[in-house]
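Undergrad: sequence below, structure please.
(one chain, ligands or ions: 2)
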Amino acid sequence: MTVPTDLPDFQGLRVAVVGDPIADLYLHAHPRRLSREAPVMVLRHLSERIGAGGAANVARNLRALGPSVSLFGAVGRDTNGRELARILGADEVDISCLSHIADWTTPTKTRVLAALSRRFPQQVLRIDREPSRPVPASSRAELAGQLRERAGEFDAVVISDYEYGAVASEVGAVASELAATGKLVVLDPRRDLELFSGITALTPNVEELARFVGVEAARLDDAGALRAAAVRLLADGACRWLLVTRGNLGMALFGEGLPAEGVAVEASGSGEVTDVSGAGDTAAAAFTLSLAGGFGAPEAMVVANAASGVVVMENGTAVCPWPDLKAALSTTPAPVRLGRPSYT
Ligand SMILES: Nc1ncnc2c1ncn2[C@@H]1O[C@H](COP(=O)(O)OP(=O)(O)OP(=O)(O)O)[C@@H](O)[C@H]1O
Ligand SMILES: [Mg+2]
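TA: Ligands and ions are numbered 1, 2, ... in the order given. Presented below is the predicted three-dimensional model:
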């Protein structure tokens, strides 16, 4: 098994994203001096912009690779919610099933970035603004109903749970139903795996996998421990394949038709890693699309790893456009058996 040389253009595919959109607010400032009021830096505000995070980042990452994309989720009826809708609309993401909930705060992560020049911004503070209650039951039922109704339009469904409440029993039931009819369903999970059964794949990071099986995350750096955790999770029947994203260690894949020890790839990309936030969103998007485009799971992992290797070299949550992904495939590492030098 090698790196795929040809990348399908993905343009004819249609993908649904279900989950929690997040507003990423980047506040750029220039450091001036130490404050006389407290031992803190005084910064001069330069500019700010909102980026698409969480499920909205998954949607933008998919769009950058070519398919048409519909987002099912909820934001608040507030400035950041409207701005997210505008950004997604500008990217031609279908937001007809994005609801704007009254008296609900759009989850917003504000990152204060200080820099002497524009080139090397340093994050000095992050403030999370969160809704005081999860997405209400009526909105959850509405979005699950819309997904069930429109499911026939989509070649694949990606579920992106950021624990703000869109992904709960209603979405779990529809996703499991769709998977039972053969629909490609991928979940980037945070919790509540028992709500899902027989879906195509899960894409947890190591910390999430560790939490699901009740071990310490640091232990899963070891190939044997990682394999044991994966085997335990797969035994629950939530999914057919388990793609574990391992930060700077790359990725590992377990499940149907694969060698029992699992298949792994080292992290991709030769440039300097600048910002890893959102790399998991890119991974889920590229993995799902590659499966929908006809690749087997190991090739889909290689493509996902290459795409993630592109976005970690950019500031803020970023997307990997199709031509950049195609170019990255020529230098991205090939899969090997986990813990072994080669995949044969
Ligand atoms: N430091 C790094 N160097 C190279 N590649 C990286 C690095 N961090 C992440 N990646 C790539 O991005 C993929 C996803 O990253 P990670 O495992 O951190 O996901 P995550 O924790 O879900 O991220 P997030 O939740 O911020 O989106 C990794 O599997 C790897 O391919
Ligand atoms: Mg993640």
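Undergrad: tell me the secondary structure for residue 333?
TA: Following DSSP: H, G, I helix; E, B strand; the rest coil, residue 333 is assigned to coil.
Undergrad: give me the element residue 299 is part of.
TA: Assessed by DSSP states H and E, residue 299 sits inside helix 297-311.
Undergrad: packing partners of the helix or strand that that helix is followed by?
TA: The helix or strand immediately downstream of helix 297-311 is helix 322-328, counting by DSSP H and E. On a contact count with 3 or more CB pairs under 8 Å, 6 or more residues apart in numbering; DSSP states H and E, helix 322-328 meets helix 297-311. All C-beta atoms are positioned from the backbone trio N, CA, C, and that covers glycine.
Undergrad: what mean pLDDT does the helix it packs on have?
TA: Averaging pLDDT along helix 297-311 gives 97.
Undergrad: what segments of the stretch 1-150 of the chain are strands?
TA: Here the stretch 1-150 of the chain has its strands, by DSSP state E, counting those that start in this stretch, at 14-19, 21-34, 41-54, 68-76, 98-101, 108-114, 122-129.
Undergrad: just send these back as TSV, with distance to residue 182, mean pLDDT and mean neighbour count too.
TA: As requested, the strands of the stretch 1-150 of the chain are exported to TSV (distance: least, CB to CB, whole Å; pLDDT from 0 to 100; neighbours: other CB atoms under 10 Å):
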stretch	distance to residue 182	mean pLDDT	mean neighbour count
strand 14-19	15	98	26
strand 21-34	28	96	19
strand 41-54	28	96	17
strand 68-76	20	98	26
strand 98-101	27	98	20
strand 108-114	37	97	20
strand 122-129	39	95	12
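Undergrad: so for ligand 1, which of those strands sits nearest?
TA: Nearest to ligand 1, of all the strands of the stretch 1-150 of the chain, is strand 41-54, at 8.9 Å by CB to the nearest ligand atom.
Undergrad: contacts for the closest one, please.
TA: For strand 41-54, contacts defined as CB atoms under 8 Å, 6 or more residues apart in numbering pick out 19-35, 57, 59-60, 80, 83-84, 87-88, 107, 109, 112, 114, 124, 160, 162, 164, 278, 281, 316-317.
Undergrad: could you pick out which of these are near ligand 1?
TA: When contact is defined as CB under 6 Å from any ligand atom, these meet ligand 1 at 278, 281.
Undergrad: how distant is the helix holding residue 299 from the center of its chain?
TA: 12 Å (CA atoms, centre = their mean, to the nearest Å).
Undergrad: quick one: is it near ligand 1?
TA: Yes. Using CB under 6 Å from any ligand atom, helix 297-311 comes into contact with ligand 1 via 305, 308-309.
Undergrad: now tabulate the residues you listed in CSV and tack on neighbour count.
TA: Formatted as CSV, the residues of helix 297-311 next to ligand 1 follow (neighbours: other CB atoms under 10 Å):
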residue, neighbour count
305, 30
308, 30
309, 27
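Undergrad: out of those, the closest to ligand 1 would be?
TA: Comparing these against ligand 1 with CB to the nearest ligand atom places residue 308 closest, at 3.2 Å.
Undergrad: which residues does the closest one contact?
TA: 245, 268, 279-280, 282-283, 286, 320.
Undergrad: tell me which residue in this protein sits closest to ligand 1.
TA: Relative to ligand 1, the nearest point of the chain is residue 280 (2.1 Å; CB to the nearest ligand atom).
Undergrad: where in the stretch 201-344 of the chain is pLDDT low?
TA: Within the stretch 201-344 of the chain, the segments meeting pLDDT under 70 span 341-344.
Undergrad: try 80
TA: 270-271, 340-344 (pLDDT under 80).
Undergrad: which residues in it form helices?
TA: Here the stretch 201-344 of the chain has its helices, by DSSP state H, counting those that start in this stretch, at 206-213, 223-235, 279-292, 297-311, 322-328.
Undergrad: and residue 209, how many neighbours?
TA: Neighbourhood size, residue 209 [other CB atoms under 10 Å]: 24.
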